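> my questions concern the predicted model and sequence given below.
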Amino acid sequence: MWLTFRKNFKKMRRQFQLIVWGASGFTGQLVCEYLLEKYPGEELKWAMAGRSTPKLKEIQRKLQCDHIPILEADSNHLESLKKMVSQTAVILSVVGPYSLYGSHLIEACIREKTDYCDLSGEVHWMRKMIDRWQKEAVNAGVRLVNSCGFDSVPSDLGVLYMQKQAEKELGQPLRNISMRVKKIKGGVSGGTIASMFNIRKEAEKDRSIYRIIMRRYSLNPDPEWDGPDERDLKTVKWDPVSNSWISPFIMGTINTRIVRRTQALVNYPYGKEFTYDEAIDCGSGFSGKWKGWLKILPLGLIRAAKPGTFLYKAVRNFLPKPGQGPSREKIQSGSFEFWFYGWNQPEEVYLFRLSGKRDPGYGATARMLAESGVCMVKDRSKTPDLSGFLTPASALGESLIKRLEKYADMRFSDVQNISEFRGGG
């Protein structure tokens, strides 16, 4: 405990509490805008960082924030990254694809004992970083929190919230939880698209990457551990849990791995038989089934688009690129709603709803990442005393839930028993 206090005290004496790395990018600007709005004045000591001082100065002018310091560093130059992170307690990284631009930053944070969080959804890169740096990160007392955006904060915190409520109401956790995407309005970010295509490109060269991505427990401390979870959904099917047709959710491959890693990191509080899955709720009847097949079509195109082919180039040109994003109006009008179904017995089903405002891949993601960083800075004594490679729920837990509800327009509803509305299941 004393050693942890000393490490945290040293971090508190640094020049900054927070640095936004990648501040000149589209999502990075949204993070900076949010911090300026919610934490004005001296409430939070933070800085903007990137690889180009002129671009950072342009962001300063655009956001009218000359009082926010700027720092320049190079993703490919370890010493410049170490110099940058040594000045702050926490760094938020919006610079992806992380397998291309994130590895040196991880090393720099461990060397300089700086906490870190990112927006990574790159399972194979996270596995690589865990295998290489977990021991050193734990010894350094550093918290490295991946997937602090739309993937995978709603999923990870949604499960945590539902289980906490179940323990209060039922005296025990739920053995099974299924998340269904009920509503989503907004697009996938250019950075996410770039990461997906980079993964595809790397996997074509190294087929073992596919095996890592598709392994159900690939982010568990022991990736060879096996449990009861089924493989990811790949087609459209009828779902008795939600009484609707469901189709694969593009973020499900990362979200489910993060939720399962959380379970393992905190010693399986829901039991080793706990299962979790995700899908898109497409509705009932013929229209629901048809909607499901329409939603699965883009995934099929992406999978079929092999690097170097005409289809690959056509799909890449059609989708947003890194640095690109929707209009201000579209960001503001976006939203999402997840329904979590939980049960121990099929005849006793519980439901809670998690909703958020703004475009999930941009506006909402920027807020989730920003609040994750602020939570790491301001709520250290209220969060679990863990270090190493962590998840949003295992690192920040209920403190982050409270912040997202208070500041970031996310709503966690009460958990309800819906069995009577389902005819006993």
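In hand now; what should we look at? Numbering: from 1, shown residues only.
> the spatially closest residue to Tyr39 that is not a sequence neighbour: neighbour count?
Leaving out its chain neighbours, the residue that sits closest to Tyr39 by CB to CB, 6 or more residues apart in numbering is Val374, at 7.0 Å. Using the backbone N, CA and C atoms, a C-beta is placed for each residue, glycine as well. Close neighbours of Val374, defined as other CB atoms under 10 Å, add up to 24.
> Val374 and Leu44 touch, don't they?
Yes: using CB atoms under 8 Å, Val374 is in contact with Leu44, at 6.8 Å.
> hey, what's in contact with both of these two?
18, 35 (CB atoms under 8 Å, 6 or more residues apart in numbering).
> which helices and strands does whichever helix in the chain runs longest pack with?
Criterion DSSP state H: the longest helix present in the chain is helix 285-304. In terms of contacts (3 or more CB pairs under 8 Å, 6 or more residues apart in numbering; DSSP states H and E), helix 285-304 is packed against strand 244-247, strand 275-283, helix 310-318.
> flag whichever of the ones you listed has the least confidence on average.
Per-stretch mean pLDDT for the helices and strands packed on helix 285-304 is lowest at helix 310-318 (a mean of 68).
> show residues contacting whatever helix or strand comes next after that helix.
Once the chain leaves helix 310-318, the next helix or strand it forms, by DSSP states H and E, is helix 328-333. With contacts defined as CB under 8 Å, 6+ apart, helix 328-333 is touched by 30, 185-187, 325, 358-359, 362-363.
> follow-up on the earlier one: what residues are up against the residue nearest to Tyr39?
Counted by CB under 8 Å, 6+ apart, Val374 has contacts 18, 35, 39, 44, 403.
> nearest to Ser80, of those?
Of all the contacts of Val374, Leu18 has the smallest distance to Ser80: 18.8 Å, by CB to CB.
> quick one: neighbours of the closest one, just the number.
23.
> from Gly373, how far off is it?
5 Å (CB to CB, to the nearest Å).
> quick check: neighbours shared by those two?
Counting by CB under 8 Å, 6+ apart, the common neighbours of Leu18 and Gly373 are 90, 92.
> what's the farthest-apart pair in the contacts of helix 328-333?
Leu30 and Lys185 (16.8 Å).
> more neighbours, the two?
Leu30 (23 against 14).
> chain neighbours aside, what residue packs nearest to Ile68?
Setting aside the residues directly before and after it, Ile68 is nearest to Met48 in space (CB to CB, 6+ apart), at 5.8 Å.
> swap in Ile209?
Spatial nearest neighbour of Ile209, excluding adjacent residues (CB to CB, 6+ apart): Ala203 at 4.0 Å.
> now the helix or strand harbouring that neighbour: mean pLDDT?
Using DSSP H and E, Ala203 maps to helix 190-205. Mean per-residue pLDDT for helix 190-205: 73.
> so which elements touch whatever helix or strand comes next after it?
As assigned by DSSP H and E, the chain's next helix or strand after helix 190-205 is helix 208-214. Contact analysis of helix 208-214 by 3+ CB pairs under 8 Å, 6+ apart lists helix 123-140, helix 190-205 as its packing neighbours.
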